[in-house]
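S.K.: using only what follows, build the 3D model:
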Amino acid sequence: MILVFGGTTEGRKAVEVLEEAGTPYYYSTKTGEQDIVLHNGQRTDGALDAEAMRLFCREHDIRLIVDAAHPFASRLHETIASMGLPVVRYERIYPPRDEDITWIDDYTDIVAADLHGKTLLATTGVQSIGKLKHLEAQGVRIVYRILNRESSILLAHEQGATDDQLCYYEDGTMPPADAILLKESGLSGGFVEKVAEARAKGMRIIALKRPRLSFANTVNGPYGLRRTVERLLPEFFPLHSGLTTGTCATAAAVAATRQLLYGETPAEVPVVLPNGETIMVAVGYEGKGCAYCIKEAGDDPDVTNGIEVRAEIRPTPGPSLNGGEWLVIEGGEGVGRFTLPGFDFPPGSPAINKGPREMIRNNLERLITPHPTERGRGWVCTISVPQGAEIARRTFNPRLGIEGGISIIGVSGIVKPFSEEAFIDSIRKCMTVAKASGTERVVINSGGKSERFVKALYPALPQQAFVEYGNYIGETLKIAHDLGIRQVTLGVMLGKAVKLAAGHLDTHSRKTTMDLDFIRQMLREADCDADISGITLARELWDMLPDDKKQDFAKTVIGHCAEHCRPLLPDGELTILLIDDNGTIYGL
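M.R.: Numbers count the residues shown, from 1 in each chain. From the prediction side, this is the model:
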């Protein structure tokens with residue numbers, strides 16, 4: 001069982017991650033005032049000292065703690081660390097410390113003489129009021145900005161604050177003051193926005209540094225949290241996540257650059273994902289400026305699992321390349337090339353998608369720019385996949401017009417197992433390429449078998465015109481509408497067709513099952529007499545129906561499918577074809 005300490009934005013994010021598992025856990029806050037919805041989690045509120053926390057963990061068989069509490073909740077962090085249990089610290093993302101801000105380690109570091117006769121706006125929380133009263137005695141007027149709730153106002157009064165010293169976050173506008181006191185609360189704490197507003201008002205900015213926490217397992221985003229929980233408590237998530245080829249390429253590029261510039265060869269390197277969080281990725285080294293990463297797919301059925309993704313980094317003589325770019329990303333052995341329009345880059349370019357390119361560029365810029373001798377130089381990063389050409393034959397690449405190897409892909413950087421989002425994204429890519437091929441008609445089908453049968457009806461269409469929808473019929477039709485594709489043929493076999501006819505636009509078995517009562521209704525509409533009480537698969541119907549009734553039944557099924565599908569393609573022409581196991585095709 002997992003115990004989460006939250007009450008923060010990070011607590012909410014932790015809940016979103018853990019809810020994906022469908023596994024019970026506990027969520028704890030100090031005050032119980034956070035509004036949060038839990039489906040699999042059980043809430044527990046109230047402060048816990050060491051003894052109470054230890055008792056709770058023992059009684060509820062807690063095996064892992066996620067500390068997503070406020071960074072300044074020092075006593076709570078210390079108590080959690082003393083439990084003797086594995087802990088994941090869900091930390092915030094912090095911007096670099098600006099030099100024009102006065103950074104302090106403690107409230108006693110504030111020099112009262114610098115603020116004598118001036119107004120200080122303190123946004124450090126109601127608990128800090130008592131720690132700042134000594135400044136008032138030295139001639140500093142302090143206004144305390146707190147939450148407008150009864151418990152906070154009561155605590156403020158108990159520490160000596162008067163009503164005219166209080167202002168509230170809910171009022172929206174920051175009141176005028178000569179200086180502002182902030183906590184280093186990170187991006188989720190609104191630190192950047194507060195600093196920007198204070199600067200605009202001409203305030204001096206004083207910031208209390210965040211406490212340094214020393215947990216062995218620290219993450220700063222949802223993907224890192226999931227991957228760490230998968231490692232420390234493997235049974236919590238039924239299926240484990242993996243890395244995209246884009247993340248592997250980035251990790252290899254980071255490792256190669258660190259080795260070349262700094263002589264470092266760590267077993268893991270930090271990779272900043274597109275969402276801003278940082279994860280650690282295992283790497284290896286093959287020589288000066290060369291490194292690799294082994295693709296880890298988790299439980300996703302990915303043919304690229306276990307392949308080696310390599311990166312070589314080298315400087316160039318001139319200060320810039322390729323029209324002024326400081327970094328050129330090239331594709332080497334096993335990385336395919338685009339041969340058709342419809343992608344982020346023109347035909348002939350290496351099949352390294354926009355997302356991975358940006359991730360590589362952003363990560364390398366963090367390493368190269370600070371190096372004193374490398375500013376202004378041009379760099380070339382070559383990504384290669386030794387097994388890429390062979391692996392590519394088992395992917396969508398040939399029909400997408402990507403030749404010679406695999407694609408370096410990934411939007412988020414992480415692959416969730418059997419990710420619906422990832423599959424739909426691949427459908428969108430295929431549909432985009434289909435449109436770019438110039439075909440007037442796109443034929444969507446459930447897989448290789450149905451595609452093989454329906455292709456015979458459209459021999460003149462290019463390979464790119466045939467797109468596999470898997471189970472996502474509704475999403476595929478919506479994509480066709482979004483892309484302005486006017487003529488669509490939907491090829492479907494009976495197992496998916498009876499689900500679609502009943503209104504299920506996602507036909508996956510985990511979402512819907514065959515409805516025998518609805519099938520009986522369609523048989524009656526088609527004037528077919530068949531006892532279906534013993535069937536387990538819809539395709540058994542073909543053997544139960546006489547040949548002269550099969551067309552009537554097919555017409556009825558197609559008619560119901562059309563009722564649900566045609567509204568998704570309002571500006572287009574939809575043709576629905578029902579296919580039996582022998583390749584016979586039925587239409588309206």
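S.K.: any idea which strand is longest in the chain?
M.R.: What stands out as the longest strand in the chain, according to DSSP state E, is strand 308-316.
S.K.: pull the distance from that strand to the chain's centre.
M.R.: 26 Å (C-alpha atoms, centre = their mean, to the nearest Å).
S.K.: now do the buried residues in it.
M.R.: Residues of strand 308-316 classed as buried: 308-313 (neighbour count, 16 or more other C-beta atoms under 10 Å). Quick note: C-beta positions are derived from backbone N, CA and C, even for glycine.
S.K.: just checking: what are the partner strands of that strand?
M.R.: Partners of strand 308-316 in the sheet, by DSSP bridges, are strand 290-294 (antiparallel), strand 378-384 (antiparallel).
S.K.: tell me the contacts of Thr44?
M.R.: 26-28, 56 (C-beta atoms under 8 Å, 6 or more residues apart in numbering).
S.K.: thinking again about what came up before, which of the strands paired with strand 308-316 has the lowest average pLDDT?
M.R.: With a mean of 91, strand 378-384 has the lowest mean pLDDT of those.
S.K.: what does that strand rub up against?
M.R.: Taking C-beta under 8 Å, 6+ apart as the rule, strand 378-384 contacts 249, 252-253, 256, 309-321, 325-335, 350, 352, 360, 364, 368, 408.
S.K.: mind running it again at 6 Å?
M.R.: Strand 378-384 is contacted by residues 249, 253, 310-316, 318, 320-321, 326-335, 408 when judged by C-beta atoms under 6 Å, 6 or more residues apart in numbering.
S.K.: beyond that strand, next helix or strand please.
M.R.: Heading C-terminal from strand 378-384, the first helix or strand you meet, by DSSP states H and E, is helix 388-392.
S.K.: chain center to that following helix: distance?
M.R.: With C-alpha atoms, centre = their mean, you get 27 Å for helix 388-392.
S.K.: tell me what it is packed against?
M.R.: Of the remaining helices and strands, none touches helix 388-392 by 3 or more C-beta pairs under 6 Å, 6 or more residues apart in numbering; DSSP states H and E.
S.K.: any idea of the mean pLDDT for whichever helix or strand comes after it?
M.R.: As assigned by DSSP H and E, the chain's next helix or strand after helix 388-392 is helix 397-400. In this model, helix 397-400 has a mean pLDDT of 74.
S.K.: report the buried residues of helix 397-400.
M.R.: Buried residues in helix 397-400 (16+ other C-beta under 10 Å): 397, 399-400.
S.K.: same question, stretch 135-152
M.R.: Buried residues in stretch 135-152 (16+ other C-beta under 10 Å): 135, 140-146, 152.
S.K.: rewinding a little: hmm, who's touching the longest strand of the chain?
M.R.: 248-249, 252-253, 256-257, 260, 289-295, 377-386.
S.K.: so, low pLDDT: which residues of this protein?
M.R.: Low-confidence segments of the chain (pLDDT under 70): 301, 318-324, 342, 371-376, 396, 418-419, 422, 508-511, 536, 588.
S.K.: what residue lies at the spatial centre of it?
M.R.: Ser412 (4.8 Å; C-alpha atoms, centre = their mean).
S.K.: count of neighbours near Arg199?
M.R.: 15 (other C-beta atoms under 10 Å).
S.K.: next: Lys201.
M.R.: Residues lying near Lys201 (other C-beta under 10 Å) number 14.
S.K.: tell me the spacing between it and Leu115.
M.R.: Lys201 sits 16 Å away from Leu115, taking C-beta to C-beta, to the nearest Å as the criterion.
S.K.: quick one: contacts of the helix or strand hosting Ala497?
M.R.: Using DSSP H and E, Ala497 maps to helix 494-501. With contact meaning C-beta under 6 Å, 6+ apart, helix 494-501 is reached by 446, 473, 507, 512, 514, 519, 538-539, 557, 560-561, 578.
S.K.: and these, which of them are in helices?
M.R.: 473, 519, 557, 560-561 (DSSP state H).
S.K.: how about these, which pair is most distant?
M.R.: Greatest spacing in those, by C-beta to C-beta: Ile473 and Ile519 (18.2 Å).
S.K.: neighbour count for these two, which is higher?
M.R.: When Ile473 and Ile519 are compared on other C-beta under 10 Å, the one with more neighbours turns out to be Ile473, at 25 against 21.
S.K.: name the nearest residue to that one, sequence neighbours excluded.
M.R.: Leu505 (5.4 Å; C-beta to C-beta, 6 or more residues apart in numbering).
S.K.: that neighbour contacts Asn471, doesn't it?
M.R.: No: using C-beta atoms under 6 Å, Leu505 makes no contact with Asn471, being 9.2 Å away.
S.K.: these two: who's more crowded?
M.R.: Taking neighbours as other C-beta under 10 Å, Leu505 and Asn471 compare with Asn471 leading, 23 against 19.
S.K.: one step back: can I get the contacts of Thr44 in CSV including distance to Arg63 and neighbour count?
M.R.: What follows is the contacts of Thr44, written out as CSV (distance: C-beta to C-beta, whole Å; neighbours: other C-beta atoms under 10 Å):
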residue, distance to Arg63, neighbour count
Tyr26, 12, 20
Tyr27, 16, 26
Ser28, 15, 25
Phe56, 13, 16
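S.K.: so what does the residue nearest to Ile473 have for phi and psi?
M.R.: Backbone torsions of Leu505, given as degrees, to the nearest 10, read phi -80, psi -20.
S.K.: need the CA coordinates for the longest strand of the chain. CSV is fine.
M.R.: Output of strand 308-316 as CSV, limited to C-alpha atoms (Å, rounded to 0.1, in the frame of the first residue of the first chain):
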residue,chain,number,x,y,z
GLU,A,308,20.4,0.3,-29.1
VAL,A,309,19.9,4.0,-29.9
ARG,A,310,23.3,5.7,-30.4
ALA,A,311,24.4,9.3,-30.6
GLU,A,312,27.6,10.9,-31.7
ILE,A,313,28.4,14.6,-31.0
ARG,A,314,31.1,16.6,-32.7
PRO,A,315,31.9,20.3,-33.0
THR,A,316,32.4,22.0,-36.4
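S.K.: all set, thanks.
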